[in-house]
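Participant: A predicted structure for the sequence below; I have some questions about it.
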Amino acid sequence: MSLLALSNISVRYGRLTAVRGVTFTLAEGEILFITGPNGAGKSSLLRAIAGVTPPAGGRIDFADHDITGRAPEDIARLGLSMVPEGRDVFGSLTIEENLMVGTGMHSGTRGWRARAASELEAVYATFPILKERRHSQAGLLSGGQQQMLVIGRALMTTPRLVAIDEPSLGLAPNITDQVYERLIALRAERKLTLLIVEQSSTRAMMVGGRMMLMRGGEIVLDGDARALGQSEAMQAAYFGYGEH
Amino acid sequence: MARYSILRRTIATPLILSALLLAFALIAWFVGSRPFNQTVIDIFLQVVFVVGLYTFIGNSGVISFGHIAFACLGGYVAAWTTIKPMMKGTAMPGLPDWLMQMEIPFWAAALAGGTFAAFWALVFGAVLMRLSGIAASIATFAMLAMVNAIYSNWSSVTAATSSVVGIPIVRSIWPYMIAAILAVFVAWAFSISRHGLALRAARDEPTAAAASGINIPRVRLIAFVISGAIMGAGGALYAHSIGLVTPDTFYLGLTFTTLSMLVVGGMGSLSGAVLGVLILSSLIQVLRWLEAGVQVGASTFALPGGVQEIALGVVMILILMFRPSGIMGNSELTGLRARTEKPVEPGTD
Amino acid sequence: MGGLMQVIFDALSLGSLYALGALGIALIFGVMRLVNFAHGDVIAFCVFALLWPSVDAVAIIFAGNLPWFLLIPFTLAVGAGLSVLSEVVVFRRFRRANPATMMIASFALGFVIRYFLLMLFSSRPKSISLLPGLSQPVEILGARIPLLQLITILVTIAVLIGLTAFLRRTRFGLEMRAAAENFTMARMLGVRANRVIMGAFALSGALAAAIALILGSQTGTANIMMGASVMLMAFIATVIGGMGSLAGAVIAGFALGAIATVMQVILPPDARAFRDAFVYGAVILVLIFRPQGLLAARGTKERV
């Protein structure tokens, strides 16, 4: 049974079509990298899945619900946690407040406060620097710390799927390594499903898993990350060789 | 060459609009009833105001709540320059001697009102045009309130909140029609001028326009002054149409009516400005007539006062909801088929 | 000494009104980038909600006769209710519209409310006596201060403390602050957009009702235009305070109150009538040097 299923999704901004006819399924526990050059429609696809930009056509199913055109908060409440590009921390809120924003979706269920508290401890255990600075304003954190914060914040909601847009953007390589280490560990611990968008395929080849390549709003390749990464088809598809 | 071709391509719009206004005037002339005449005069004055408003808002995309202040300035210029000196002496004893003695014809008063308003538009605009977006809109509102506060209190030259009466009333419809047509042509000429085109480019693509060397505050200021002049002349003529002025004649009520006409017609379109006036004026007339009471069989049916404004507000909200760029969008009447630019909603900048 | 105290209390009580108004406007601007021109008319509506519809000059008091412990919650509920209603009926449909479109829509809605009142009550101001016990003076440090002025200041301080605690300590407050900063991100964390926005409207409406109670008791009249002047100053305060910054709005509100009161004292008697004109002029000058307001808020870029 797949956790996430897209069928024939297209996204349009006015007259511009950013995503055309994307179809794929993602099984529980899988890790999927979506790579592709700038403007391939990767971020638009994520925004459509998260409900921020409702798709112009097609259907999205998540956890046995049709979520096409549903509001972002409803989708989040089903267990799809989105970490958008650009590390959107709430700069004037403290780190702890940032982490707590998402726990409200479980309010009303039994023992949610206790669970939120234990999630908070878990996030702090994963990212000790956040605990150290828990009462300072999030806007004052460095880029790498902000990236940890938004990932931690996404995890606070006990999601089934975390979708992350370019976790390595603007980070020093060793920080990126750290971020990925945590993600991989978390996936093993919690049977998380991960959907990660990256511009380059390097990271996907290192981590392994499934990889898809997007170009011009379409998926052009889909397969094992390591196998694909070394193939010439990948190079050709990424740069669009042989189309002229 | 390019200038000539744009002129030829767009001249149909002011011609069609003028023909439309002329048709209204002719109908009024044939009907020949006093109340209907007054209604048509009102419509022409609204055309002047809304076209004046369009000249700034339509081209710059900045919403102004303050333009009626310029109509106020113009209206009082008419009072200062056309009332008989003896009457002025009692109502506004603080006027300087040369102004006290002045008694000029109404068209000269309209020109003077326009000039006076343009001067103050230059002064206010030099300050306000540096702001953008919502801050600019609220600052124009503050300007309106400021002018109203001054005119409501400076009793020696404005008689404060009491009516200034004795302004010679002009009952002929033709001067008002000519003013409306002139306003349409001025607005059209500005919109195809170098500055007008630059300003619209800045409205649609502010970053690109600034990068290509358009001095946005300066072109906005030019539009502000021209629209201020139109409003000022309109204010003076308004004074001559009813024979009196008070500060509250030119305040929130008129701001609301003119703005709603522009919104309904389409803020980015000169044709929209004129059509908005014609459509909403008709609606207002019907409602006024119902408010006055209609004989239905043996009983009189009358709507309570206030329904007119409520209906206007509701129409405005509905238009904003379902067709935010107004009836005309950004297109103009050209006789062939509507010339459409990229439709834009009212800008924020 | 007594004279100075009088000036200080005048400034604080006038500033209180402006601060409460600015807060109501900034709350809504924060979560949905709406400059709500209908706010002033909500204030007027709350006063008229205490009267029975009639076009006579003498007001027929209806709910206004309630004892204060019922009157105050009733008025606050009316303000919150009308404000939420305006969200549900009108502004909800403008979520994806740009701020200029919303601003004009709110201007139109304000007129609809105002003329609805005119239809029921006529445009003539009516004299009312609301909470009459509050007009007697008290003596503080040699100055005779109307009790109402003192209560106005104390109520405002209480409201500010209460609101701060609400925003800092409750889950709803947390969600509201997050939404004010980045609405889309907050929604992606499961924060319900409608709930937060309706909450902001309810709070804003209750603040309008508080102003209505103060103005009604202070002036002893009900006038369909009574919200307009407070609203304009409140707008200016929100702009100076840096659109959307709650603290900025409050500080700027008190500053405007102080400037207006000081001008009232130092201007020559002939010029006092122009006090407000001077204040508006001063504000326009401030905006030139600080177009983003004196205390620009974070994340107030206009949402697309």
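Facilitator: Okay, I see it.

Participant: is it true that C:N36 touches C:I25?
Facilitator: Yes: under the criterion of Cβ atoms under 8 Å, C:N36 lies in contact with C:I25, with a separation of 5.9 Å. Glycine gets a C-beta too; all of them are placed from N, C-alpha and C.

Participant: just the pLDDT for B:T258.
Facilitator: pLDDT for B:T258: 94.

Participant: now do the SS call for C:I145.
Facilitator: With DSSP: H, G, I helix; E, B strand; the rest coil as the basis, the three-state label of C:I145 is strand.

Participant: for it, which non-adjacent residue is closest in space?
Facilitator: If the residues on either side of it in the chain are set aside, C:I145 comes closest to C:F9, at 5.0 Å by Cβ to Cβ, 6 or more residues apart in numbering or on different chains.

Participant: which element is the one you found on?
Facilitator: helix C:2-32 (DSSP states H and E).

Participant: list the contacts of the residue of chain A found nearest chain B.
Facilitator: Ranked by Cβ to the nearest Cβ, the top residue of chain A for proximity to chain B is A:G14, at 9.6 Å. Under the criterion of Cβ atoms under 8 Å, 6 or more residues apart in numbering or on different chains, the contact list for A:G14 is empty.

Participant: just want the most central residue of chain B.
Facilitator: For chain B, the residue nearest the mean C-alpha position is B:F49 (1.2 Å; Cα atoms, centre = their mean).

Participant: wait, doesn't it sit right on B:M231?
Facilitator: Yes: with contact taken as Cβ under 8 Å, B:F49 and B:M231 are classed as touching, separated by 6.3 Å.

Participant: would you check how far apart the single nearest residue of the stretch 151-300 of chain C relative to chain A and B:P206 are?
Facilitator: For the stretch 151-300 of chain C, the residue closest to chain A is C:G190, as judged by Cβ to the nearest Cβ, at 3.3 Å. C:G190 sits 35 Å away from B:P206 when distances are taken as Cβ to Cβ, to the nearest Å.

Participant: likewise for A:I75?
Facilitator: Applying Cβ to Cβ to A:I75 and B:P206 gives a distance of 34 Å.

Participant: next: C:V47.
Facilitator: With the distance defined as Cβ to Cβ, C:V47 ends up 42 Å from B:P206.

Participant: the two: who's more crowded?
Facilitator: Each of C:V47 and B:P206 has its neighbours counted (other Cβ atoms under 10 Å in any protein chain shown); C:V47 has more, 30 against 17.

Participant: could you point out which element follows the lowest-mean-pLDDT helix or strand in chain C?
Facilitator: Among the secondary structure pieces of chain C, namely its helices and strands, strand C:60-61 has the lowest mean (mean pLDDT, DSSP states H and E), a mean of 73. Using DSSP H and E, the helix or strand that follows strand C:60-61 in sequence is helix C:68-89.

Participant: phi, psi for A:T23 please.
Facilitator: With angles defined as degrees, to the nearest 10, A:T23 sits at phi -130, psi 130.

Participant: quick one, what contacts it?
Facilitator: By Cβ under 8 Å, 6+ apart, the residues touching A:T23 are A:6-9, A:58, A:219.

Participant: neighbours of B:T115, how many?
Facilitator: With neighbours defined by other Cβ under 10 Å, the count for B:T115 comes to 14.

Participant: state the mean pLDDT of whichever strand or helix holds it.
Facilitator: Under DSSP H and E, the secondary-structure element containing B:T115 is helix B:106-128. For helix B:106-128, mean pLDDT rounds to 94.

Participant: can you check stretch B:16-31 too?
Facilitator: pLDDT averaged over stretch B:16-31 gives 89.

Participant: also stretch C:235-251?
Facilitator: 86.

Participant: show the residue spans covered by the helices in chain A.
Facilitator: A:42-50, A:72-77, A:95-100, A:112-126, A:128-132, A:143-155, A:173-190, A:202-207, A:225-230, A:232-239 (DSSP state H).

Participant: now the common contact residues for B:F49 and B:M231.
Facilitator: Residues touching both B:F49 and B:M231 comprise B:67-68, B:71, with contact defined as Cβ under 8 Å, 6+ apart.

Participant: quick one: which of these has the most company?
Facilitator: B:A71 (35 neighbours).

Participant: so that residue touches B:A233, yeah?
Facilitator: No: look at B:A71 against B:A233 with Cβ under 8 Å: they stay out of range, at 9.1 Å.

Participant: shared neighbours, these two?
Facilitator: Jointly contacting B:A71 and B:A233 under the rule Cβ under 8 Å, 6+ apart are B:A117.

Participant: what residue ranges in the chain are flagged as low confidence?
Facilitator: You didn't pick a chain, so chain A it is. Filtered on pLDDT under 70, chain A yields the residue ranges A:1, A:240-244.

Participant: nope, chain B please
Facilitator: B:1-3, B:335-349.

Participant: tell me how far the helix or strand where B:G253 lies is from the chain's mean position?
Facilitator: Per DSSP H and E: B:G253 is located in helix B:252-265. Centroid separation for helix B:252-265 versus its chain: 9 Å, with Cα atoms, centre = their mean, to the nearest Å.

Participant: out of the helices of chain A, nearest to B:F185?
Facilitator: When the helices of chain A are compared for distance to B:F185 using Cβ to Cβ, the nearest one is helix A:42-50, at 46.8 Å.

Participant: by contact count, what packs against that closest one?
Facilitator: Using 3 or more Cβ pairs under 8 Å, 6 or more residues apart in numbering or on different chains; DSSP states H and E, the elements in contact with helix A:42-50 are strand A:2-13, strand A:16-27, strand A:31-35, strand A:57-62, helix A:72-77, strand A:80-83, strand A:161-165, strand A:193-198.

Participant: just the CA trace of it, in PDB.
Facilitator: Presented in PDB, the C-alpha positions along helix A:42-50 are these (Å, rounded to 0.1, in the frame of the first residue of the first chain):
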ATOM      1  CA  LYS A  42      10.600  20.400  -8.200                       C
ATOM      2  CA  SER A  43       9.600  23.000  -5.700                       C
ATOM      3  CA  SER A  44       6.300  23.600  -7.500                       C
ATOM      4  CA  LEU A  45       5.600  19.900  -7.200                       C
ATOM      5  CA  LEU A  46       6.200  20.000  -3.400                       C
ATOM      6  CA  ARG A  47       4.000  23.000  -3.000                       C
ATOM      7  CA  ALA A  48       1.200  21.200  -4.800                       C
ATOM      8  CA  ILE A  49       1.600  18.100  -2.600                       C
ATOM      9  CA  ALA A  50       1.600  20.300   0.600                       C
END
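
Participant: what number of residues lie near the nearest residue to B:G276 once chain neighbours are set aside?
Facilitator: Nearest residue to B:G276 in three dimensions, chain neighbours excluded: B:G265, at 2.5 Å (Cβ to Cβ, 6+ apart). Burial of B:G265, expressed as a neighbour count using other Cβ under 10 Å, amounts to 27.

Participant: identify the residues contacting B:G265.
Facilitator: With contacts defined as Cβ under 8 Å, 6+ apart, the neighbours of B:G265 are B:50, B:271-277, B:279, B:326-328.

Participant: redo that, cut-off 6 Å
Facilitator: When contacts are counted by Cβ atoms under 6 Å, 6 or more residues apart in numbering or on different chains, B:G265 is found next to B:272-273, B:275-276, B:326-328.
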